[in-house]
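Colleague: I'd like to go over a predicted model; first the sequence, then the structure.
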Amino acid sequence: MYQLIKQIIKTGIKTESPPLPDEAMRVETQRLQEEILHVFGSALNIRHVDAGSCNGCELEIHAVNNAYYNIEGLGIKFVASPRHADILLVTGPVSRHMVTALKRTFDATPEPKLVVAIGDCACDGGIFGESYASCGRVANVIPVDVVVSGCPPTPTAILQGILTAISTPK
């Protein structure tokens with residue numbers, strides 16, 4: 001418990017202020033919207049799965065979805081069902097009781113599907129590691145396409161991971 005509290009105090013607040021708007025950002029946003037439409041034919045749909053995290057990464061994912069980062073302005077939205085998703089964002093070390101749920105969510109996601117592991121716990125087990133209660137990293141349970149390390153990663157890093165996943169040919 002003390003190790004977790006020490007990590008929280010050491011990390012501090014990760015969410016940074018948004019960049020100043022300029023014309024180059026507007027052109028980049030339009031280019032990304034066109035690329036997403038070209039690759040997926042519609043908006044990019046994300047399903048978030050919490051596989052047993054401490055909720056630090058979830059706070060940063062929510063920050064990506066707020067008005068500062070405006071992820072929906074890029075044509076990327078969160079959905080409630082894996083059957084409508086193109087990408088799975090998985091956070092936390094996979095706890096033993098979440099293995100079946102994570103596999104079912106992965107199987108319910110239609111092809112082509114991408115998996116992005118968010119945070120140190122999802123990438124390598126983090127401070128929880130592998131134990132009797134945890135399978136460790138997400139790649140031990142389902143295939144992962146992109147990892148975004150950090151405890152927790154910044155909203156910019158999360159957005160960069162999502163964009164890397166869609167631009168990487170499968």
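Modeller: Looks like it came in fine. Numbers count the residues shown, from 1 in each chain.

Colleague: quick one: low-confidence ranges for the protein?
Modeller: 1, 13-42, 168-170 (pLDDT under 70).

Colleague: For the nearest residue to residue 72 once chain neighbours are set aside, which residues are in contact?
Modeller: The shortest distance from residue 72 to any non-neighbouring residue, by CB to CB, 6 or more residues apart in numbering, is to residue 65 (7.4 Å). From N, CA and C alone the C-beta is placed, and that goes for glycine too. For residue 65, the contact set (CB atoms under 8 Å, 6 or more residues apart in numbering) comprises 71, 72, 78.

Colleague: Return the entry from those with the maximum number of neighbours.
Modeller: Neighbour tally across the contacts of residue 65 (other CB atoms under 10 Å): the maximum, 21 neighbours, falls on residue 71.

Colleague: just checking, it touches residue 159?
Modeller: Yes. With contact defined as CB atoms under 8 Å, residue 71 reaches residue 159; the gap is 6.6 Å.

Colleague: Overlap in contacts, those two.
Modeller: Residues touching both residue 71 and residue 159 by CB under 8 Å, 6+ apart: residue 64.

Colleague: how deep is residue 11 tucked in, by neighbour count?
Modeller: 12.

Colleague: ok, back up a step: now go through the contacts of residue 65 and say which are in strands.
Modeller: Within those, residues falling in strands by DSSP state E are residue 78.

Colleague: In JSON lines: the contacts of residue 65, plus distance to residue 11.
Modeller: Shown next, in JSON lines, are the contacts of residue 65 (distance: CB to CB, whole Å):
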{"residue": "71", "distance to residue 11": "23"}
{"residue": "72", "distance to residue 11": "27"}
{"residue": "78", "distance to residue 11": "24"}
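
Colleague: Skipping adjacent residues, who's closest to the residue most central in space within the chain in space?
Modeller: For the chain, residue 89 is the residue whose C-alpha lies nearest the centre (CA atoms, centre = their mean; 3.7 Å). Closest residue to residue 89 apart from its sequence neighbours, by CB to CB, 6+ apart: residue 48 at 4.7 Å.

Colleague: Checking that neighbour next. Helix, strand or coil?
Modeller: Following DSSP: H, G, I helix; E, B strand; the rest coil, residue 48 is assigned to strand.
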